[in-house]
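1. I need the structure of the sequence given here:
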Amino acid sequence: MTYHSAIGGGADEGLVDALRAEFGAVLAARIWEAEKLDFLWDTRVSERYLGQYFGTEIGFEGDWNADFSRLAIMSFVDGVWYAGVCVADGDGGAVALLWARQCDDRGEAQAAFDRAV
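-> Okay, the predicted model is just below:
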């Protein structure tokens with residue numbers, strides 16, 4: 001059985017522009033890279049359960065006896081579509097981003113989301 005769910009409508013337009021305005025282009029780019037997991041997780045419009053996650057190579061500093069899941073996500077941030085796979089904990093919080101791909105449009109993001117394993 002595959003679990004698939006529509007989440008929400010993505011982020012408000014202007015998120016990246018707001019970062020640039022407040023911190024400048026260079027620092028905004030660094031913040032985006034450092035916080036990409038949180039941005040993509042918070043703006044996901046769809047998610048799909050891919051199975052339990054057993055790896056320890058992601059650098060998580062918490063309790064590895066907890067229950068972790070791999071989830072495919074599709075996100076819409078500041079007018080740009082993304083697809084990726086992340087690890088979430090049992091409380092529904094994102095722990096690690098395994099991969100993410102910026103897409104040209106929703107169709108391309110949906111195709112990458114559908115292919116994620």
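2. Would you mind identifying the helix or strand in this structure with the lowest mean pLDDT?
-> Least confident helix or strand of the chain, by mean pLDDT, DSSP states H and E, is strand 4-6 with a mean of 53.
3. in this protein, which spans are helices?
-> For the chain, applying DSSP state H gives helices covering 15-23, 25-34, 36-42, 106-115.
4. Number of residues surrounding the nearest residue to residue 100 once chain neighbours are set aside?
-> Nearest residue to residue 100, sequence neighbours excluded (CB to CB, 6 or more residues apart in numbering): residue 84, at 3.4 Å. Where you see a C-beta, it was placed from the backbone N, CA and C, and this is true even at glycine. Using other CB atoms under 10 Å, residue 84 has 24 other residues around it.
5. Residues in a beta bridge with residue 84, which ones?
-> Residue 84 has these beta-bridge partners by DSSP bridges: residue 73, residue 100.
6. circling back: of the helices of the chain, which approaches residue 100 most closely?
-> Of all the helices of the chain, helix 36-42 sits nearest to residue 100, with 6.0 Å by CB to CB.
7. Need the pLDDT of the closest residue to residue 69 other than its chain neighbours.
-> Nearest non-adjacent residue to residue 69, counting by CB to CB, 6+ apart: residue 88, 5.3 Å away. Here the pLDDT value assigned to residue 88 is 94.
8. Repeat that for the one 3 residues further on.
-> Model confidence at residue 91, given as pLDDT, is 88.
9. what's the residue nearest the centre of the chain in contact with, if anything?
-> Centroid-nearest residue in the chain: residue 40, 3.5 Å away (criterion: CA atoms, centre = their mean). By CB atoms under 8 Å, 6 or more residues apart in numbering, the contact list for residue 40 reads 73, 75, 77, 82, 84, 86, 97, 100.
10. From residue 24, how far out is the closest residue in space to the fourth one that isn't next to it in sequence?
-> What sits nearest to residue 82 in space, not counting adjacent residues and going by CB to CB, 6+ apart, is residue 75, at 4.6 Å. Using CB to CB, to the nearest Å, residue 75 is found at 24 Å from residue 24.
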